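Trainee: dropping the sequence and predicted coords here.
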Amino acid sequence: MTPQPEPPQAEPRQAASPQSASRAVALDLTGRTALVTGAAGGIGRACALRLAAAGARIRALDVDPEGLTALAEEVARTAGPSAAAVEAHPLDLTQDAGLDAAERAADGADVLVNAAGTQLVRPLEQFPPEAFRTMLTLMLEAPFRTTRGALPGMYARGFGRIVHISSVHGLRASAYKSAYVAAKHGLEGLSKTTALEAAEHGVTSNCVNPAYVRTPLVERQIADQAEAHGIPPERVVTDVLLADSALKRLLEVEEVAEAVAYLCTPAASFLTGSSLPLDGAWTAH
């Protein structure tokens, strides 16, 4: 995941989301290993923390070693002395060496969460080819490689949960986001193919499809859009980013992590090959 510059404060926090620890789904992953890409920040970090809280050993992959150290410290602080240490893998998933290492790291994982991602907004005729290639590598080839590495062990154990952090843009397109939309649409196809192949082995594969989530990546977009349109950041959220959403607030990373947690529960064992929109009714149009 390409490190992003620290964004300016884009907007005051809106009304608190309904998500809270008291409403967390019951999930016990004691003795299981969960590999999470993009684990140093944003959605990936929230997923790693949630799965660690459920008892999983975490293998955390990210290009940001300092962020991985901070994650390990947070897991140790919040999950208690019995929590397994986070196994940190500082890797660049846009490079061949990083992809090879990620595939090896996925061997033995019972849960796989592919959350690494980035964004670049440009008109198609101005989109740099090298950026297009890099984004597809990070958000499509890397999930393929981690899935490829995880499946043999999952098959042998008769259990596996694969969750790809897709996007509402895996189901809908937006202008000026050709690489992101292409990668996420491809990720949907990868997940569905995996579900078909893995079903007889006790392995599920699903996508979670958030709309705009409160992450540094999105808050940077809000600041850029506010400057470009000459409007306050809060209007960027309601009038630009969430124009097609019935719910006019940003999704919180903890809400996404809770959806991931549900997909790992025994109750979700028949849910595979699906896309779970967390989009405030965006796709209801």
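Mentor: Looks like it arrived, so ask away.

Trainee: can you name the element that comes right after the helix or strand C47 falls within?
Mentor: Remark: C47 resides in helix 42-53, with elements defined by DSSP states H and E. The first helix or strand that comes after helix 42-53 along the chain, using DSSP H and E, is strand 57-62.

Trainee: need the CA coordinates for that following strand. PDB is fine.
Mentor: Taking C-alpha atoms only, strand 57-62 is exported to PDB below (Å, rounded to 0.1, in the frame of the first residue of the first chain):
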ATOM      1  CA  ARG A  57      -2.800 -14.800  15.600                       C
ATOM      2  CA  ILE A  58      -2.200 -12.000  13.200                       C
ATOM      3  CA  ARG A  59       0.100 -11.900  10.300                       C
ATOM      4  CA  ALA A  60       0.200  -8.300   9.300                       C
ATOM      5  CA  LEU A  61       1.400  -7.200   5.800                       C
ATOM      6  CA  ASP A  62       2.000  -3.600   4.900                       C
END
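
Trainee: partner strands of that strand, with direction?
Mentor: Strands adjacent to strand 57-62 in the sheet, as given by DSSP bridges, are strand 33-37 (parallel), strand 87-90 (parallel).

Trainee: which outside residues touch it?
Mentor: The set of residues external to strand 57-62 that reach it, using CB atoms under 8 Å, 6 or more residues apart in numbering, is 1, 32-41, 44, 48, 51-52, 68, 71-72, 75, 84, 86-91, 93, 102, 105, 109, 116. (C-beta placed from N, C-alpha, C; glycine too.)

Trainee: which of those residues are buried?
Mentor: Buried residues within the contacts of strand 57-62, counting neighbours by 16 or more other CB atoms under 10 Å: 1, 32-41, 44, 48, 51-52, 68, 71-72, 75, 84, 86, 88-91, 93, 102, 105, 109, 116.

Trainee: now do the helices in the stretch 151-285 of the chain.
Mentor: The residue ranges that make up the helices of the stretch 151-285 of the chain, judged by DSSP state H, counting those that start in this stretch, are 178-198, 216-229, 233-235, 253-263.

Trainee: which residues touch the longest one?
Mentor: Under the contact criterion CB under 8 Å, 6+ apart, helix 178-198 has outside partners 114, 117, 119-120, 122, 124, 127, 131-132, 135-136, 138-140, 143-144, 147, 151, 154-155, 160, 162, 164, 166-167, 169-171, 173-174, 203-207, 272-275.

Trainee: quick check: PyMOL command selecting the buried ones in those residues.
Mentor: Only the buried members of those enter the following PyMOL selection, criterion being 16+ other CB under 10 Å:
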select buried, resi 114+117+119+120+127+132+135+136+138+139+140+143+144+147+151+154+155+160+162+164+166+167+169+170+171+203+204+205+206+207+272+273+274+275
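
Trainee: mind listing which of the contacts of helix 178-198 are in strands?
Mentor: By the criterion of DSSP state E, membership of the contacts of helix 178-198 in strands covers 114, 160, 162, 164, 203-207, 275.

Trainee: mind checking pLDDT for the closest residue to L241 other than its chain neighbours?
Mentor: In space, L241 comes closest to Y212 once its chain neighbours are excluded; the distance is 4.9 Å by CB to CB, 6 or more residues apart in numbering. Confidence at Y212, expressed as pLDDT, is 93.

Trainee: dump the residue contacts of Y212.
Mentor: Taking CB under 8 Å, 6+ apart as the test, what Y212 contacts is 218, 237, 241-242, 250-251.

Trainee: got a markdown table for these, with distance to A257 too?
Mentor: Listed next are the contacts of Y212 as a markdown table, based on distance: CB to CB, whole Å:
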| residue | distance to A257 |
| --- | --- |
| V218 | 16 |
| V237 | 21 |
| L241 | 21 |
| L242 | 21 |
| L250 | 15 |
| L251 | 11 |
